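Just need the structure, nothing else, for what follows:
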Amino acid sequence: MSTTKTEYFEDETAAAEAGYATHHGEHDHGAGTGLIKSSYDHRLTNEDLAPLKEQTWSWYNIFAFWMSDVHSVGGYITAGSLFALGLTSWQVFICLIVGITIVLFFCNLVAKPSQRTGVPYPVICRSVFGVLGANIPAIIRGLIAVAWYGIQTYLASASLDILLVRMFPGLAPYADVTQHGMLGLSTLGYFTFAALWVAQAAVFWTGMNTIRKFIDFAGPAVYVVMVALCVYLLAKAGWQVDLNLSDRSLSGTQVFTTMLAATALVVSYFSGPMLNFGDFSRYGKTFEAVKKGNFWGLPVNFLFFSLLTVLTAAATLPVYGKLITDPVETVGHIDNTFALVLAALTFTTATIGINIVANFVSPAFDFSNVSPQKISWRMGGMIAAVGSVLLTPWNLYNNPATIHYTLDTLGAFIGPLFGVLISHYYVVHKQRVCVDDLFTLDESGAYHYTRGYNPAAIYATVIAALAAVACVFVPGINRFTDYSWFIGCGVGFTAYSLIAPRLGVSVRQLTDKLVRQ
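As a prediction, this is how the structure comes out:
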């Protein structure tokens, strides 16, 4: 911590009079109540980005966060798809266990700096990329989240379309874009998309406290319905199912390479939320509470959910005569209106949960970091929400080439950004952070580097991103596309560890600056 003598503002009025962005009213703190010191530069500070006054989340809140992230249509399909790769059941479960253990390890690494400082991901990135350079990773992560926010909302709305037409056949013409629709989306599609868009925005707008309460409820609620669906199908199947869901078999090295790819798929699925997990770990009461929540929310919860989805998918074979890995389609076969309504509400809840935690909160902090005085946390989130509509995600998703080149290119930066962050915090600066210097533009600040940018972090990110992008697009090398996150992360970690000391970035440099202060 800095030894510079500073004082906290006693109330919002004093902070506002000093030129800082604050909220209005005792309970109007969207991202939580931040502590602003008089030494903080207003161009880098608002109450959403400042260190939290209180860190109140328990291990259960972190556990529920991961439940909301896992319990989704995408998570269901991802877990079930591993069984269609040609692997046996025990091989798949090895991949799941290894993959989710890797995710747990990395999440604990990225959680620590934000939990100990009480600041979100883009702010902790100021220690790595510089107080101005942090906008580079923030914008990259924000753009990825905006695109996926729109796509997830569209996919959920498409699922609702199917269920609504199933319950009310008269709506069928309005679900057909060629009969009633425009700009690539049907009239019913616009209605369901707008309904989900508003529902998600409403939950987000009320702030992190409401989001915490929502995910505390959503995760368990989805479990109840998923268990009920599983039991119903197993009973219909006479409690006899075959867990080998693949229609082909592998041998020799194919087994090993396929298991590696399956493991990498698990890690890649969580790569987005894993990168900006600091946006949530900052609320943890203690780092031990965060680690406990991660343990129950990742390996324990993920394996149980995976087993549940596999049993459900396996039961569709004897019950419906075909393998169905989409839970919405599975429910669509049930001839019970109550079950359909319950399923529609459940999958809607699940989608709202994962979209908020994975694709709404992140850009809210990221965009706020770009201009703290003009963009609050709430405004940052709404920019993301509006941007997701302007992308017309239904057209983006329906064009495989576009989504492949756009999202895979942006996604290739996730591994490098993660590797550089971990290298800086654990290897270069030895887990030391001067919180006060994260909020100053003074040239003597520990994170001013070169005009507010850390060249070492930028060079390492570019090198690693090029390696990751090559794995995705370059012929011959693209056979390693499943491992682009690992390659990007590894190259970023190594490159920064080597480049940073040569450009004068070290724990000694940090200590010298603090001593001079």
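
I'd like the next helix or strand past the top helix by length along the chain.
In terms of residue count, the longest helix belonging to the chain (DSSP state H) is helix 135-167. Next along the chain after helix 135-167, taking DSSP states H and E as the criterion, comes strand 181-182.

Partner strands of the very next helix or strand once past that next one, with direction?
Using DSSP H and E, the helix or strand that follows strand 181-182 in sequence is strand 185-186. Sheet pairing of strand 185-186 (DSSP bridges) gives strand 181-182 (antiparallel).

What are the contacting residues of the strand it pairs with?
With contact meaning CB atoms under 8 Å, 6 or more residues apart in numbering, strand 181-182 is reached by 187, 189-190. Where C-beta positions appear, they are placed from N, C-alpha and C, glycine not excepted.

So which of those wins on neighbours?
Using other CB atoms under 10 Å as the neighbour criterion, G189 leads those with 22 neighbours.

looking at it, that one is touching L160, isn't it?
No. Using CB atoms under 8 Å, G189 is not in contact with L160, being 9.2 Å away.

about what we covered before: of the contacts of strand 181-182, which is the nearest to R502?
Nearest to R502, judged by CB to CB, of those is G189 at 54.1 Å.

contacting residues around the closest one?
Contact partners of G189, counting by CB under 8 Å, 6+ apart, are 157-158, 161, 175, 177, 181, 394.

what about burial for these, which qualify?
For the contacts of G189, a burial check counting by 16 or more other CB atoms under 10 Å picks out 157-158, 161, 175, 177, 181, 394.

Could you save those as a markdown table and add columns showing pLDDT?
Output for the buried ones among the contacts of G189, formatted as a markdown table (pLDDT from 0 to 100):
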| residue | pLDDT |
| --- | --- |
| S157 | 86 |
| A158 | 82 |
| D161 | 87 |
| A175 | 91 |
| V177 | 88 |
| G181 | 86 |
| W394 | 85 |
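
Dump those residues into a markdown table; add distance to I97 as well.
Formatted as a markdown table, the buried ones among the contacts of G189 follow (distance: CB to CB, whole Å):
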| residue | distance to I97 |
| --- | --- |
| S157 | 34 |
| A158 | 32 |
| D161 | 36 |
| A175 | 41 |
| V177 | 43 |
| G181 | 45 |
| W394 | 36 |
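
Report the contact partners of V123.
49, 117, 134, 365, 369, 438.

Out of those residues, the closest to I215 would be?
Using CB to CB, those come closest to I215 at F365, 16.8 Å.

pLDDT value on that closest one, please?
On the pLDDT scale, F365 is placed at 94.

Was I right to think it contacts D48?
Yes. Using CB under 8 Å, F365 is in contact with D48, at 7.2 Å.

overlap in contacts of the two?
In contact with both F365 and D48: 31, 120, 377, using CB under 8 Å, 6+ apart.

Mind checking which of those land in helices?
Among the shared contacts of F365 and D48, the members found in helices (DSSP H) are W377.

Most neighbours out of the shared contacts of F365 and D48, which is it?
P120 (31 neighbours).

gap between it and K112?
Noted for P120: a distance of 14 Å to K112, by CB to CB, to the nearest Å.

Equivalent analysis for G411, please.
24 Å.

One more: N359?
N359 sits 24 Å away from K112, taking CB to CB as the criterion.

How about L49?
When CB to CB is the yardstick, L49 and K112 sit 19 Å from each other.

Of these two, give the one with the bigger neighbour count.
Just comparing L49 and K112: by other CB under 10 Å the higher neighbour count belongs to L49, 25 against 20.

who are the neighbours in contact with that one?
31, 34, 119-120, 122-123, 365, 368-369, 372, 377.

could you redo the last one with a cut-off of 10 Å?
21, 31, 34, 36, 40, 119-120, 122-123, 126, 365, 368-369, 372, 376-377, 438-439 (CB atoms under 10 Å, 6 or more residues apart in numbering).

buried stuff in the longest helix of the chain?
135-166.

quick one, what contacts the residue nearest the centre of the chain?
Closest residue to the average C-alpha location of the chain: P273 at 2.3 Å, with CA atoms, centre = their mean. Applying CB under 10 Å, 6+ apart to P273 gives the contacts 65-66, 68-70, 103, 107, 145, 279-280, 354, 357-359, 361-362.

what's the closest of these to W239?
Scanning these for proximity to W239, where the rule is CB to CB, the winner is V70, at 25.8 Å.

The closest one: how many residues sit nearby?
29.

quick one, helices of the stretch 1-150 of the chain?
When secondary structure is read from DSSP state H, counting those that start in this stretch, the stretch 1-150 of the chain shows helices at 12-17, 59-70, 73-81, 89-117, 121-124, 126-129, 135-167.

ditto for the stretch 151-300 of the chain
Along the stretch 151-300 of the chain, the stretches classed as helices by DSSP H, counting those that start in this stretch are 187-205, 208-236, 253-269, 271-275, 278-281, 287-295.

mind putting the ones you listed in JSON lines, distance to G445 included?
JSON lines is the format used below for the helices of the stretch 151-300 of the chain (distance: least, CB to CB, whole Å):
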{"stretch": "helix 187-205", "distance to G445": "33"}
{"stretch": "helix 208-236", "distance to G445": "28"}
{"stretch": "helix 253-269", "distance to G445": "35"}
{"stretch": "helix 271-275", "distance to G445": "25"}
{"stretch": "helix 278-281", "distance to G445": "21"}
{"stretch": "helix 287-295", "distance to G445": "26"}
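
I'd like to know which of those helices is closest to I94.
That would be helix 253-269 among the helices of the stretch 151-300 of the chain, by CB to CB, at 6.8 Å.

from the chain's centre, how far out does that closest one sit?
Its chain's C-alpha centre and that of helix 253-269 lie 21 Å apart, by CA atoms, centre = their mean, to the nearest Å.

Can you report how many residues neighbour the residue nearest to D242 when sequence neighbours are not counted?
Nearest residue to D242, sequence neighbours excluded (CB to CB, 6 or more residues apart in numbering): A314, at 6.3 Å. Here the number of neighbours of A314 (other CB under 10 Å) works out to 24.

same check, this time on V290
When neighbours are counted by other CB under 10 Å, V290 comes out with 28.

pLDDT weak spots in the stretch 251-400 of the chain?
Along the stretch 251-400 of the chain, the model assigns pLDDT under 70 to residues 397-400.

closest one to W296 among the helices of the stretch 1-150 of the chain?
Nearest to W296 among the helices of the stretch 1-150 of the chain is helix 59-70; the distance by CB to CB comes to 4.6 Å.

Pull out the buried positions in the closest one.
Result for helix 59-70 [16+ other CB under 10 Å]: buried residues 59, 61-70.

by contact count, what packs against that helix?
With contacts defined as 3 or more CB pairs under 10 Å, 6 or more residues apart in numbering; DSSP states H and E, the packing partners of helix 59-70 are helix 73-81, helix 89-117, helix 208-236, helix 271-275, helix 278-281, helix 287-295, helix 301-320, helix 337-359.

returning to what we had before: any common contacting residues for P120 and K112?
Here P120 and K112 share the contacting residues 278, 281, scored by CB under 10 Å, 6+ apart.

Test my guess that L171 contacts D161.
Yes. Taking CB atoms under 10 Å as the definition, L171 is a contact partner of D161 at 8.2 Å.

what residues do these two have in common as contacts?
Common neighbours of L171 and D161 (CB under 10 Å, 6+ apart) are 186, 188, 191.

got CSV for those residues, with distance to L265, pLDDT and neighbour count too?
Output for these, formatted as CSV (distance: CB to CB, whole Å; pLDDT from 0 to 100; neighbours: other CB atoms under 10 Å):
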residue, distance to L265, pLDDT, neighbour count
S186, 32, 94, 23
L188, 33, 95, 24
F191, 34, 94, 18
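
and which of the residues you listed is nearest A468?
Of the shared contacts of L171 and D161, the one sitting nearest to A468 (CB to CB) turns out to be S186, at 36.9 Å.
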